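Q: below: sequence and its predicted model.
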Amino acid sequence: MEKWTRLSAEQRENLVAYLDGELEDNLTQQIDRVLVQSEVARHEVEALARTWEMLDLLPKPNAPQDFTERTLHTLQVSEMRIRLVDQPWFGYVRKGAVAVLWAVGLAACAAIGFAITTRGIPNEHEDLLTNLPVVKNVDVYLEVRDLGFATDLQRAGVFNVTDAKETPAPPRRLEISKPSSSKHAVLEERSNEIAKMTASERRRIQYNWTTFQALAPAEQAEIRALHAQLEEQPDSLHALLDTYAMWLQTLTPGQRDDLRRATSSADRLRLVREFKEKQDANRETQLFDLNLDLQRMKPRMPQTPYLGEPDLAAVMDVLQRTMPQPLPRNLSPTERYIQIFRNYKNYPWGSQRQLSDEQLREVVDAITDEESKQFLNSRTSPDQLRFGVMMLIGKGLHAHVLRKLEPLYPDEKQLREFWATLDSVRREELMAPKRKEDAENPSYLTSELMHDYFKKLELDKPDLKPLLDYWLQLRGFPRPPAPPGGSGRVFRGFSGGRPPGDRPPEDESGARGEQRPPGGPRPNNPPPVPSERVYKPPQ
Amino acid sequence: MLRAKNGDDAAFSQLVAAYQDRLVAIFYHIVGSQEAAEDLAQDVFLRIYRARHGYEPTARFSTWIFRIANNLASNSRRDQGRRREVSLTGSDSGPLGPRPEERLATEKSALMPARQLDKRELQGLVQKALGTLNDRQRVAVLLHKFEEMSYQDIADAMELTPAAVKSLLSRARENLRQVLEPHMQLRK
């Protein structure tokens, strides 16, 4: 190698490692040979070494004297667990926790307040609901008085309780209280029960509750004890007491007073037997004497001519088209006919909205029945024709209503059974009417009985009311032939008629007074039995 | 360190005392600020202190401590801005970067090799020459120069291979030679 030979890149790189003693032996020997032979290489090595030595001039600043102390202090501080309260997030958490605690506290207060008001503060109707099983039967319990009388009554066989196979058993008035898991569930159940009652049932409950509250505490305790005893008795006894309670309604007020005044169960049982036997005897006599003029009281169709169903429907369509105001949509066909006819014919007979000439022509054209056509053709004047048309329509509607009512007419058996359900007062009224003309009318009993029957039917089937109302306004019960000297009036006025079995007030009959409650005086203005759910159990 | 691992804070204190100057010196020539160097040195000790319970004597302690120092220095350089008189960027570390003498072209003092330089001036010149090196060259030079660490130790600390350290130091010293050689004859 020449002394001016330049070093290769690899050789140059190895020079530093050579100087640092970090070169492998073989490479070191190689560099040695190069350095011996090359002046350039020697120069470079020297330059590298000298520049390396110049680095000794670099300052070496020391750490300050307190560096160790400061460092250790910093380390200790970093090692210290930051107190929870000093954490930056702790403040937010604390505020949130406070807000949550407030909310929980307010909710707890609300819940406690609600619990106190619902459980601690008594509901005004809670007493009634609590005592409802007793209250429902207070009237019966006051009549029965003790369990011994009830069992004696059953043993005596005075009443034949209806065989369930023949007729449906009447609803039990004496209901055994059902065991329930919680008081509030029971009260809610009873509240629902009252809400479902009819108005008459609620009035009875109200009457019984007022009566019960008026009793002395000792009497109330007796009633409760009797209720508890009866709850343990078999159903047959409860059915008997149901029958007994209904039978009591057939007695006269005097007879009921006699029963209440009886000093012992034996006396009461004797009176029950006596009254029952007398009733049975009277009933049989009445039934025997009952001259039901059913044949004459069957629905009688009007005399022809009158419009049959097809012609009646066609004429009603014509008349409806010319009505000034449309009819309601939910009317039955019969109600529709009645309202259309009333638009042109008001009652009592006489006042009418006349058909126009055009209407008259349309109506006449709609009639297809030959007999009706002949009848109209025989009219000699426009007024007669107009009157004739209205008469055909009216009689056609009459016949239509009768056809609707015919299936509802009772047969003899039904009417006699209905008779048996009447109380003695009504039976006496029918058998011995006070008005002379009624007493002289052989069909008075039948027609009045029919009236009572249909009024009862109307109560049971309210949808028949429009039909029956129209029928009664037409005096639809066929008028019997007028008795000699009589006016022939059948009914004394139905709009104010009493339902069957109701007793007249004192001022009307003059012979009987109000049924006096047992025990103490009847309180005035009793609080109403709630008609809706009044008990709301706690959530 | 093993004693410090077991909770002996006095032993750790001795470690701090033993390495604080060395770390501050290294960091001083990396970040260029005494204050920053002290902060970085404290960070090194803080990391060691927190990791003391998991320390295992699988390597030399100095290698470990300077590895931490190298990492912190790298992080610091990334976070800090560069000093204006030392324009060192990542692109400077490669062969395409400006040559060291080009970086000093604006420094008038570097253009006056004919003048006799006193020690302080030379010191400044050497510092600037060191500043012309890229980050890894500088760290390698400092560890080799100040800590007299072998190529293997430097490799362990910088997480490089020994061959990479050899190449690094070769280039670094070549760069230094080019910058400082004109002034070597002028040393008093």
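A: Alright, I've got the coordinates. Residues are numbered from 1 along each chain as shown, chains lettered A, B, ... in the order given.

Q: residue ranges of the helices in the stretch 151-300 of chain A, please?
A: Here the stretch 151-300 of chain A has its helices, by DSSP state H, counting those that start in this stretch, at A:183-195, A:199-214, A:217-231, A:235-248, A:253-261, A:265-289, A:294-297.

Q: pull out the buried positions in the fourth one.
A: Under the neighbour-count criterion of 16 or more other C-beta atoms under 10 Å in any protein chain shown, helix A:235-248 has A:Leu237, A:His238, A:Ala239, A:Leu240, A:Leu241, A:Asp242, A:Thr243, A:Tyr244, A:Ala245, A:Leu248 buried. Yep, even glycine has a C-beta here, placed from its N, CA and C like the rest.

Q: quick check: which element contains the residue most central in space within chain B?
A: Per C-alpha atoms, centre = their mean, the C-alpha nearest to the average position across chain B is that of B:Val139, at 3.4 Å. Using DSSP states H and E, B:Val139 maps to helix B:135-146.

Q: after that helix, which helix or strand is next?
A: Using DSSP H and E, the helix or strand that follows helix B:135-146 in sequence is helix B:151-158.

Q: let me have the buried residues of helix A:235-248 in JSON lines, extended by pLDDT.
A: Conversion of those to JSON lines gives the following (pLDDT from 0 to 100):
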{"residue": "A:Leu237", "pLDDT": "88"}
{"residue": "A:His238", "pLDDT": "85"}
{"residue": "A:Ala239", "pLDDT": "85"}
{"residue": "A:Leu240", "pLDDT": "87"}
{"residue": "A:Leu241", "pLDDT": "87"}
{"residue": "A:Asp242", "pLDDT": "83"}
{"residue": "A:Thr243", "pLDDT": "85"}
{"residue": "A:Tyr244", "pLDDT": "88"}
{"residue": "A:Ala245", "pLDDT": "83"}
{"residue": "A:Leu248", "pLDDT": "84"}
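
Q: any regions of chain A where pLDDT drops low?
A: Filtered on pLDDT under 70, chain A yields the residue ranges A:1-6, A:79-88, A:118-124, A:161-181, A:281-297, A:345-353, A:473-539.

Q: got the domain boundaries for it?
A: For chain A, the structural domains run A:9-57, A:85-120, A:126-289, A:309-408, A:412-509, going by automatic domain parsing.

Q: out of the helices of the stretch 151-300 of chain A, which is closest to A:Asp411?
A: Of all these, it is helix A:294-297 that lies closest to A:Asp411, at 7.4 Å by C-beta to C-beta.

Q: and whichever helix or strand comes after that closest one, which residues are buried?
A: For helix A:294-297, the following helix or strand on the C-terminal side (DSSP H and E) is helix A:309-321. Across helix A:309-321, burial judged by 16+ other C-beta under 10 Å covers A:Asp311, A:Leu312, A:Ala313, A:Ala314, A:Val315, A:Met316, A:Val318, A:Leu319.

Q: distance-wise, check the fifth one relative to chain B.
A: Meaning A:Val315. A:Val315 sits 107 Å away from chain B, taking C-beta to the nearest C-beta, to the nearest Å as the criterion.

Q: A:Lys136 contacts A:Ile205, doesn't it?
A: Yes - A:Lys136 is within contact range of A:Ile205, at 6.4 Å (criterion: C-beta atoms under 8 Å).

Q: more neighbours: which of these two?
A: Per other C-beta atoms under 10 Å in any protein chain shown, whichever of A:Lys136 and A:Ile205 has more neighbours is A:Lys136, with 23 against 20.

Q: quick check on the more buried one: phi, psi?
A: phi -60, psi -30 (degrees, to the nearest 10).

Q: also A:Ala216?
A: Main-chain torsions, A:Ala216, degrees, to the nearest 10: phi -70, psi 160.

Q: that one: neighbouring residues, count only.
A: Counted with other C-beta under 10 Å, residues neighbouring A:Ala216 total 10.

Q: swap in A:Glu274?
A: Using other C-beta under 10 Å, A:Glu274 is surrounded by 12 other residues.

Q: so how far is A:Asp267 from it?
A: 11 Å (C-beta to C-beta, to the nearest Å).

Q: then B:Gln137?
A: Distance of B:Gln137 to A:Asp267, given as C-beta to C-beta: 134 Å.

Q: kindly report the same for A:Tyr344.
A: Counting by C-beta to C-beta, the gap from A:Tyr344 to A:Asp267 is 67 Å.

Q: show me which of these two is the more surrounded one.
A: A:Tyr344 (18 against 13).

Q: do I have it right that that one meets A:Val363?
A: No - counting by C-beta under 8 Å, A:Tyr344 does not reach A:Val363; the two are 10.1 Å apart.

Q: overlap in contacts of these two?
A: Applying C-beta atoms under 8 Å, 6 or more residues apart in numbering or on different chains, one finds that A:Tyr344 and A:Val363 are jointly contacted by A:Leu319, A:Leu355.

Q: contacts only, for B:Leu40.
A: Residues in contact with B:Leu40 (C-beta under 8 Å, 6+ apart) are B:Leu23, B:Phe27, B:Val31, B:Ala69, B:Leu72, B:Ala73, B:Ser76.

Q: 10 Å - rerun?
A: When contacts are counted by C-beta atoms under 10 Å, 6 or more residues apart in numbering or on different chains, B:Leu40 touches B:23-24, B:26-28, B:30-31, B:33, B:68-69, B:72-73, B:75-76.

Q: that older thread, ok, which of the helices of the stretch 151-300 of chain A comes nearest chain B?
A: Proximity to chain B (C-beta to the nearest C-beta) singles out helix A:183-195 among the helices of the stretch 151-300 of chain A, at 63.7 Å.

Q: could you report the neighbour count for A:Ile112?
A: Other residues within reach of A:Ile112, judged by other C-beta under 10 Å, total 10.

Q: actually, A:Tyr306.
A: A:Tyr306 has 23 nearby residues by other C-beta under 10 Å.

Q: swap in A:Leu430?
A: By other C-beta under 10 Å, 21 other residues sit near A:Leu430.

Q: does it really touch A:Tyr453, like I thought?
A: No - counting by C-beta atoms under 10 Å, A:Leu430 does not reach A:Tyr453; the two are 11.6 Å apart.

Q: how about the longest helix along chain A: buried residues?
A: Using DSSP state H to define each element, chain A has its longest helix at helix A:88-115. Residues of helix A:88-115 classed as buried by neighbour count (16+ other C-beta under 10 Å): none.

Q: equivalent analysis for stretch A:253-271, please.
A: By neighbour count with 16+ other C-beta under 10 Å, stretch A:253-271 contains the buried residues A:Gln255, A:Arg256, A:Asp258, A:Leu259, A:Ala262, A:Ser265, A:Arg268, A:Leu269, A:Leu271.

Q: just stretch B:130-142 next, same as before
A: Neighbour counts using 16+ other C-beta under 10 Å place B:130-142 of stretch B:130-142 among the buried residues.
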